[in-house]
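Asks: give the three-dimensional model of this entry:
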Amino acid sequence: MPFITARHWPTIAVLLASLIASVLVAAPSAQASPVPPAAASLPAWIDEASGLARSLRHPELLWTHNDNINHPGSAQRITPFLYGIGPDGQQHISLELTGIIQRDWESIECALVDGREMLIVADSGDNRDSWPDYVLWFIPEPETLPVTGKAQAEPEALLRYRYADGPADTEAMTVDPASDQILLLSKREKPPRLHALPLSEREPFPPADGRNEHQCLAEAAIHEARLIGSMGGLVPADPIARLLAPLTNLPTGMALSTDGQLLAVLTYSTLYFFHHKAEKGWAETIRRPIASRSLPRIDQWEGVAFSSDGRYVTIVREGVGDGAMLHLAVPKAARAAPTKQGQHQPRP
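Replies: Numbering: from 1, shown residues only. Sure, this is the predicted structure:
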C-alpha cells in the first residue's frame, strides 16, 4: 500500500467533501449556492503555483512561481523561474533566476526594501520537518516588461533562518513595511504560530569575494526567527470545511493590504481576515479574525494577494485548468475597521 503523506491530504479532503455533499443532496437546502466569483486559468507550465504577490512597479501584474515538487530537495538541479501574470491569468513575463538554488519555494512577496521594489521568495517548505534552516531570496523587480516576455535576474541578497524549537513547514509569508520585518506563519502546527525576521538581517548575494552560490549559502549566517505568538480563531464557517478542518484548515498563504490594516490568511477551504493596528502589535492582531469567507471549493489554494484598493483578493491553486485563479471580494465586515467602542466605521 503506498505511503500516504501530508501532500495527499488535499486530494483526500476533496474526495471526502464530494462524498459528503452527495449524501446531503437529499436533505433540505436552506439557500441556493452563491454565484461563483470571477475565475481564470493559468499557463500549463505554472502547474504548481505556490505563492502570489502584487507588483509594486507594474499595475495589475501579479507574481507567482512553482514550488519544485517534481524535484524535492533540489537533488536534481532545475532552472527556477518567477512568472508575471495578469488578472486574466495570461503571462506577461517569465523571469529566469540565475545563481540561485530552489529547494521548496512556497511564498513570494513584493516589498520596498531600502526604497527599491524587491521580490522576496521564501524557500520555506518542509513537509517532513527535515530541514534545519530555510532561506529567503531577494530579487530586484524588473523596471520594465520586455517585449519578448523573457528576462533574467540574479538575487541581490539572502536571509538564512531557523526556528528556535526545530523545523517547521511554512507556506505563508508577508512583509510588514511599518516595522520592516518579514512575517512567517507555520502550516502544520496546532495552532499555527507567527514568527518575524528583520529585513535588516539579509546579507549580500553573491558576495564579492569570489565564492560560488553553494559556498555562499552554506556559509551564510543563520538567524533565529522571533516568535510573536499563536494564531487563534481559525474555525471554518462551512460545515463540511469544519468537518475536514484537520486536513484542510492549514495556512498556505498570507497577505497584508496596502494600508497595512488588514491581514488575509489563506487555507485550503477558508480565507480569514485580521484587523491590524501597528500600536497594538501583531500578537494582539492574530488572536481572532474579524471576518472569514468560505472558498467555492476545497482545493490546494496556495497563494493570496490583495488588490491595490484592498477590496478584493486574488488566490491561486496548484494544478491547471479553469478556476486555477480566483478573484474574491473582501467581506464587508473586514473592510470596516473596529473602533475603540467596539463599533465599526468605514475604512478610508
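
Asks: contacts only, for the closest residue to residue 102 other than its chain neighbours.
Replies: Spatially, and ignoring its direct neighbours in sequence, residue 102 is nearest to residue 80 (4.1 Å; Cβ to Cβ, 6 or more residues apart in numbering). C-beta coordinates here come from the backbone N, C-alpha and C atoms, glycine included. Contact analysis of residue 80 by Cβ atoms under 8 Å, 6 or more residues apart in numbering lists 65, 68, 96, 97, 100, 102, 105.

Asks: export the residues you listed as JSON lines, with columns for distance to residue 257.
Replies: What follows is these, written out as JSON lines (distance: Cβ to Cβ, whole Å):
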{"residue": "65", "distance to residue 257": "22"}
{"residue": "68", "distance to residue 257": "29"}
{"residue": "96", "distance to residue 257": "31"}
{"residue": "97", "distance to residue 257": "28"}
{"residue": "100", "distance to residue 257": "29"}
{"residue": "102", "distance to residue 257": "29"}
{"residue": "105", "distance to residue 257": "24"}
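
Asks: select only the buried ones of those in ChimeraX?
Replies: Filtering those down to the buried ones (16 or more other Cβ atoms under 10 Å) takes a single ChimeraX command:
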select :65,68,97,100,102,105
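
Asks: any idea which of the contacts of residue 80 is closest to residue 208?
Replies: Proximity of the contacts of residue 80 to residue 208 (Cβ to Cβ) peaks at residue 100, which lies at 17.4 Å.

Asks: can you tell me how far the closest one sits from residue 216?
Replies: Residue 100 is 11 Å from residue 216, where distance means Cβ to Cβ, to the nearest Å.

Asks: what are the boundaries of the helices in the protein?
Replies: Listed in chain order, the helices of the chain (DSSP state H) span residues 9-24, 213-219, 239-243, 245-248, 282-285, 332-335.

Asks: output the below-cut-off pLDDT ranges for the stretch 1-150 of the chain.
Replies: Counting by pLDDT under 70, the ranges of the stretch 1-150 of the chain that qualify are 1-37, 68-78.

Asks: end-to-end on stretch 86-98?
Replies: With Cα to Cα, to the nearest Å applied, stretch 86-98 spans 24 Å between its terminal residues.

Asks: now do stretch 293-305
Replies: 15 Å.

Asks: quick one: distance of that stretch to the chain centre.
Replies: On the basis of Cα atoms, centre = their mean, to the nearest Å, stretch 293-305 sits 11 Å off its chain's mean C-alpha point.

Asks: go on, stretch 266-279?
Replies: The answer for stretch 266-279 is 12 Å, by Cα atoms, centre = their mean.

Asks: of all the residues in that stretch, which ones are buried?
Replies: For stretch 266-279, using 16+ other Cβ under 10 Å, the buried residues are 266, 267, 268, 269, 270, 271, 272, 273, 274, 275, 276.

Asks: closest to residue 234 among the residues you listed?
Replies: Using Cβ to Cβ, residue 272 comes nearest to residue 234 of the buried residues of stretch 266-279, at 6.0 Å.

Asks: thinking that closest one is in contact with residue 235, fair?
Replies: No - if you go by Cβ atoms under 8 Å, residue 272 and residue 235 don't touch, sitting 9.1 Å apart.

Asks: residue contacts, residue 188?
Replies: Contacts of residue 188 (Cβ under 8 Å, 6+ apart): 6, 129, 168, 169, 250.

Asks: repeat the analysis, applying 10 Å as the threshold.
Replies: By Cβ atoms under 10 Å, 6 or more residues apart in numbering, residue 188 lies in contact with 6, 9, 126, 127, 129, 168, 169, 170, 171, 250, 251.

Asks: now residue 50, nearest residue through space, not along the chain?
Replies: Per Cβ to Cβ, 6+ apart, closest to residue 50 is residue 67, 3.6 Å.

Asks: residue 92 now?
Replies: The shortest distance from residue 92 to any non-neighbouring residue, by Cβ to Cβ, 6+ apart, is to residue 84 (4.8 Å).

Asks: tell me the contacts of the one you found?
Replies: Contacts of residue 84 (Cβ under 10 Å, 6+ apart): 55, 58, 61-64, 91-95, 119, 141-142, 145, 149, 151.

Asks: which parts of the stretch 101-250 of the chain are strands?
Replies: Ranges of strands in the stretch 101-250 of the chain, per DSSP state E, counting those that start in this stretch, are 107-113, 116-123, 134-140, 150-153, 157-162, 170-176, 181-186, 193-198, 203-204, 222-224, 226-230.

Asks: so which of those strands gets nearest residue 313?
Replies: strand 170-176 (12.4 Å).

Asks: packing partners of the closest one?
Replies: Applying 3 or more Cβ pairs under 10 Å, 6 or more residues apart in numbering; DSSP states H and E, one finds that strand 170-176 contacts strand 49-54, strand 107-113, strand 116-123, strand 181-186, strand 193-198, strand 253-256, strand 262-266, strand 301-306.

Asks: export those to a markdown table and append columns for distance to residue 241.
Replies: Below are those laid out as a markdown table (distance: least, Cβ to Cβ, whole Å):
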| stretch | distance to residue 241 |
| --- | --- |
| strand 49-54 | 21 |
| strand 107-113 | 22 |
| strand 116-123 | 26 |
| strand 181-186 | 19 |
| strand 193-198 | 22 |
| strand 253-256 | 16 |
| strand 262-266 | 13 |
| strand 301-306 | 12 |
